[in-house]
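Peer 1: Predicted structure and sequence below. I'll ask about it afterward.
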Amino acid sequence: MTIHSTDPFAVPDEDKSPVRRLRGRLAAPVTLWTAPGPAGLTVSSTLVADGDPGRVLGLIDEESDFWDAVSVAGRFAVTPLTPADRQLADRFAGLMPAPGGLFASGDWRETPYGPVPAHAGAWAGCTLSSQRPCGWALLVEAIIESVRLDTATEPLVHFRGRYAGLDR
């Protein structure tokens, strides 16, 4: 058996579209979106817009259990993940086994917007505002109703197909 330092199933760069390759050169925050049900999904295509009201936008797989739950509940939580959350991110992205279900391990705080990791230093409670097809996904827009900021933490970042922290 050989252990690879890279993903042996990854599409080679020369076979990817130029747009996908450009997207891969942009660092993106890794967030966990959760909804009552419960359901959740790792999302790195996330944007927070300040305003009155503040909004969150994200690209969501319309075939995901998360989208099914949000469509019914009309609300969800967004949690920025940290470098210590790499396995959590992989589990909710479907890249790692989740025996007993996505929420079976770890400690969770129940909120009206969906479960939130108990250790989360920050999270936002959101209500669904709109959605529309956008490329390979749905562009989901929501109003931020509640923000919880406990401790400032380093973000988990997705860059060129890998997780990273900030190198300060």
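Peer 2: Cool, the structure landed. Predicted, not measured: the structure shown is a model, and the values here were computed from it.
Peer 1: now the most centrally placed residue in the chain: how far from Val30?
Peer 2: Nearest to the geometric centre of the chain sits Val43, at 2.4 Å (Cα atoms, centre = their mean). According to Cβ to Cβ, to the nearest Å, Val43 and Val30 sit 8 Å apart. (Glycine included, C-beta is placed from N, CA and C.)
Peer 1: before we move on, which element is the residue nearest to Glu62 when sequence neighbours are not counted in?
Peer 2: With sequence-adjacent residues excluded and distances taken as Cβ to Cβ, 6 or more residues apart in numbering, Glu62 is closest to Leu138, at 4.6 Å. Applying DSSP states H and E as the criterion places Leu138 in strand 137-149.
Peer 1: what are the C-alpha coordinates of that strand, in CSV please?
Peer 2: Written as CSV, here are the backbone C-alpha positions of strand 137-149 (Å, rounded to 0.1, in the frame of the first residue of the first chain):
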residue,chain,number,x,y,z
ALA,A,137,-25.0,25.8,-7.4
LEU,A,138,-27.7,28.0,-5.9
LEU,A,139,-26.8,31.5,-4.8
VAL,A,140,-28.4,31.7,-1.4
GLU,A,141,-29.0,35.1,0.2
ALA,A,142,-30.1,35.5,3.8
ILE,A,143,-30.6,38.3,6.4
ILE,A,144,-28.4,38.1,9.4
GLU,A,145,-30.7,38.3,12.4
SER,A,146,-28.3,37.4,15.2
VAL,A,147,-24.5,37.5,15.6
ARG,A,148,-22.7,35.8,18.5
LEU,A,149,-19.0,36.8,18.9
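Peer 1: quick one: the helices in the protein?
Peer 2: For the chain, the helices defined by DSSP state H cover 18-24, 65-73, 86-92.
Peer 1: okay, those helices in TSV with mean pLDDT next?
Peer 2: Formatted as TSV, the entries for the helices of the chain read as follows, by pLDDT from 0 to 100:
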stretch	mean pLDDT
helix 18-24	80
helix 65-73	98
helix 86-92	96
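Peer 1: how about those in TSV, adding mean neighbour count?
Peer 2: As requested, the helices of the chain are exported to TSV (neighbours: other Cβ atoms under 10 Å):
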stretch	mean neighbour count
helix 18-24	11
helix 65-73	19
helix 86-92	20
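Peer 1: Of all those, which one comes closest to Trp123?
Peer 2: Relative to Trp123, the nearest member of the helices of the chain by Cβ to Cβ is helix 86-92, separated by 13.3 Å.
Peer 1: If anything else comes up later, I'll come back, but that's it for now.
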